[in-house]
Each structure stands twice: as structure tokens, then as C-alpha cells.
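Visitor: task: produce atomic coordinates for the following.
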Amino acid sequence: MNNVSYFKKVSVKESVNNWTESIIVAATPLLEAGCITDNYVNAMIDNVKNNGSYIVIMPHVALPHSRAEMGVMKTGVSILKLDQPVMYPDDKSVKLIIAFSANDNNQHMELLSVLAEVLMDESRLKEILNANDTNEIENLFFN
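Guide: Purely as a prediction, here's the structure:
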């Protein structure tokens, strides 16, 4: 997303109590930056409750999101890397939670393209999952 200015934040945390907390912790920087509303956070959690762990897009990686009309104010991405995995429904183990918001289809597709490029690079993903430094993770994702 070199052409589009958007909010981004990386956080590292030892652990969370459950998958709902992982979504809340990942989404909090977006909420604090005015990218999303509380309603959007609740919608992300409801999506998993109603539809299962479809947001676990590959081993160890969850991509919580909802529809823009559920409370997106502006485009942003918040990445939470956990040292200890959290279990999502269907016994899916997750260490990387990427909460994102996009307020139009172009930004949505561009952001997903950037994320897919990083996540499909097996060595880079392994570095991210093993990293403990927010700057290192941000560089691996966005540079």
C-alpha cells in the first residue's frame, strides 16, 4: 500500500486468555486511532461466533474483519503477535492476529494484496512468528 496512507500498528504480547480477547487486543489500536467503532469490534467477534474459525486463513494466522458498514471510519491494520498461541474454535492455534479495516474496495484489495504477499513468503512468515520486536515485525510486513 505504498500509494495509500493508512494507520498501521504492530504489538507483541506474551499471551491472551482466549480468542475473543485476541480480537479485542488486536483491534484496540484501530479503535483508538479512530479507524473503527466498538460496533466493528463486536461484529468481528460475532462473525467467528456465527461462522466458525474461517478467519484463521492459514496455520497460526487469523484475519478478523467485518463489513465496512459495521463501523469502519478509515483504513488501517493492527497486527498482534502472540508469544503463546491462542486457540480459536475448531482447535485452530493462532499466534498472529491481523485486524484490518478498509473504507473502500480499492483500499481493501490493496491491503489484502500486501498481506497476502507477506503471508505467502514462508521464510518471512516464519521470521514474523518468531520475532519479539515490534520494529522487526513492522519491517517484515511493510518494508
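
Visitor: output the lowest mean pLDDT helix or strand found in this protein.
Guide: Using mean pLDDT, DSSP states H and E, helix 105-119 stands out as the lowest-scoring helix or strand of the chain, at a mean of 83.

Visitor: packing partners for that one?
Guide: The criterion is 3 or more CB pairs under 8 Å, 6 or more residues apart in numbering; DSSP states H and E, and the helices and strands that helix 105-119 contacts are strand 92-101, helix 122-130, helix 134-142. Every C-beta, even on glycine, is put in place using the N, C-alpha and C of the backbone.

Visitor: which of the ones you listed sits most buried?
Guide: Neighbour counts (mean count of other CB atoms under 10 Å) averaged over each of the helices and strands packed on helix 105-119 peak at strand 92-101, with a mean of 23.

Visitor: listing partners with orientation, what would you give for it?
Guide: Note on strand 92-101: by DSSP bridges, its sheet partners are strand 60-62 (parallel), strand 76-88 (antiparallel).
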